[in-house]
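Participant: what's the 3D shape of this:
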Amino acid sequence: MSEQFDIDFYESNYTVNNQEQDYSGSGTTGSVYGSERAQIGNKPQLDAFSRPEVLSSSQPYTGQIFQPAHSSEFPSDNTYPDSFDEEPPLLEELGINFDHIWQKTLTVLNPMKPADGSIMNETDLTGPMVFCLALGATLLLVGKVHFGYVYGMSAIGCITIHALLNLMSIASVSYGCVASVLGYCLLPMVILSSYAVIFSLQGILGTLLALTIIGWCSLSASKIFTSALAMEGQQLLVAYPCALLYGLFALMTVF
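Facilitator: Predicted coordinates for the structure are as follows:
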């Protein structure tokens with residue numbers, strides 16, 4: 001049985017003496033590694049964030065805890081020109097000036113009041129958007145869903161009158177200025193549509209009231225255009241296309 005085991009066992013040349021030699025060799029290697037580690041440990045280690053001049057200086061730290069010393073290398077916050085206090089208000093950045101909006105509204109409500117050309121020659125669309133929305137809302141109270149017609153006719157009318165004013169005047173006018181003036185002058189038409197919510201405009205009184213509102217809107221718009229573009233003596237020529245535009249809004253309100 002033992003002979004069969006000796007025959008089947010894998011034979012190799014590895015003996016106990018070779019194992020002792022390996023242990024002795026590993027010991028020498030460990031000694032070499034140990035000597036290298038000792039040499040590395042004896043070397044002075046520098047911090048990655050430290051500088052040689054900082055290490056060489058032996059000056060004591062004179063600052064307080066949690067209060068670092070002032071360094072002149074970094075500028076203070078007061079040296080920056082742009083600060084939060086010097087920023088303009090948000091409404092001014094958006095181009096919304098309530099004083100100008102109020103003055104434009106008063107100019108439209110009083111056709112006999114002289115218009116200020118410097119204020120009217122602005123691309124302010126805050127008031128026109130509000131008045132168009134108010135006109136569509138008052139028509140909705142009567143059962144007329146005409147928001148698309150209101151904005152569509154406003155856009156087409158602004159394009160047409162913009163082309164006419166550029167042909168009639170020496171100074172060119174922007175599309176935003178034309179849209180702003182026509183939108184502000186839509187305020188009397190909002191008053192007419194608000195009146196139509198309570199009373200009916202189907203009659204002679206309603207027709208006369210609608211004609212009065214059309215004349216009011218066109219007179220205010222032509223006055224503003226002539227003062228802003230220096231078109232002296234051409235107010236009636238400007239008022240005629242404006243009356244045609246506001247007549248469409250009056251037809252939509254009455255019928």
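Participant: what are the buried residues along stretch 229-243?
Facilitator: Burial within stretch 229-243, assessed by neighbour count using 16 or more other C-beta atoms under 10 Å, is assigned to 229, 231, 234-235, 238-239, 241-243. C-beta: built from backbone N, CA, C; applies to glycine.
Participant: in CSV, list these along with pLDDT, secondary structure and distance to residue 175.
Facilitator: Shown next, in CSV, are the buried residues of stretch 229-243 (pLDDT from 0 to 100; DSSP: H, G, I helix; E, B strand; the rest coil; distance: C-beta to C-beta, whole Å):
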residue, pLDDT, secondary structure, distance to residue 175
229, 84, coil, 14
231, 82, coil, 18
234, 86, coil, 20
235, 88, helix, 21
238, 92, helix, 16
239, 93, helix, 20
241, 93, helix, 15
242, 94, helix, 16
243, 94, helix, 21
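Participant: and the residues you listed, which is closest to residue 179?
Facilitator: When those are compared for distance to residue 179 (C-beta to C-beta), residue 242 wins out at 13.0 Å.
Participant: show me what contacts that closest one?
Facilitator: With contacts defined as C-beta atoms under 8 Å, 6 or more residues apart in numbering, the neighbours of residue 242 are 161, 182, 185, 217-218, 221-222.
Participant: would you list those in a markdown table and tack on distance to residue 153 and pLDDT?
Facilitator: Rendered in a markdown table, the data for the contacts of residue 242 read as follows (distance: C-beta to C-beta, whole Å; pLDDT from 0 to 100):
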| residue | distance to residue 153 | pLDDT |
| --- | --- | --- |
| 161 | 12 | 93 |
| 182 | 11 | 93 |
| 185 | 14 | 93 |
| 217 | 13 | 94 |
| 218 | 15 | 94 |
| 221 | 15 | 91 |
| 222 | 19 | 91 |
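Participant: and these, which two are furthest apart?
Facilitator: Farthest apart among the contacts of residue 242 by C-beta to C-beta are 161 and 217. That separation is 12.5 Å.
Participant: who has more neighbours, these two?
Facilitator: Between residue 161 and residue 217, counted using other C-beta atoms under 10 Å, residue 217 has the larger neighbour count: 28 against 23.
Participant: okay, and the more buried one sits in which element?
Facilitator: According to DSSP states H and E, residue 217 maps onto helix 204-228.
Participant: give the buried residues for that helix.
Facilitator: Neighbour-count burial for helix 204-228, with 16+ other C-beta under 10 Å as criterion, is recorded at 206, 209-210, 213-214, 216-228.
Participant: same question for stretch 248-255.
Facilitator: Across stretch 248-255, burial judged by 16+ other C-beta under 10 Å covers 248-250, 252-254.
Participant: show me where the chain dips below the pLDDT cut-off.
Facilitator: Low-confidence segments of the chain, defined by pLDDT under 70, span residues 1-95, 117-121.
Participant: let's see that with 90 instead.
Facilitator: The chain contains residues with pLDDT under 90 at 1-127, 142-146, 166-177, 199-203, 223-236, 255.
Participant: about what we covered before: which among the contacts of residue 242 gets closest to residue 172?
Facilitator: Set against residue 172, the nearest of the contacts of residue 242 by C-beta to C-beta is residue 161 (13.8 Å).
Participant: so that closest one sits against residue 185, correct?
Facilitator: No - contact status for residue 161 versus residue 185: not in contact, 11.0 Å apart, counting by C-beta atoms under 8 Å.
Participant: how about the helices in this protein?
Facilitator: For the chain, applying DSSP state H gives helices covering 2-8, 16-42, 52-56, 90-93, 98-109, 117-120, 126-141, 147-168, 175-184, 187-198, 204-228, 235-254.
Participant: now the buried residues of stretch 229-243 as TSV including distance to residue 148?
Facilitator: Conversion of the buried residues of stretch 229-243 to TSV gives the following (distance: C-beta to C-beta, whole Å):
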residue	distance to residue 148
229	31
231	33
234	33
235	32
238	28
239	27
241	22
242	22
243	23
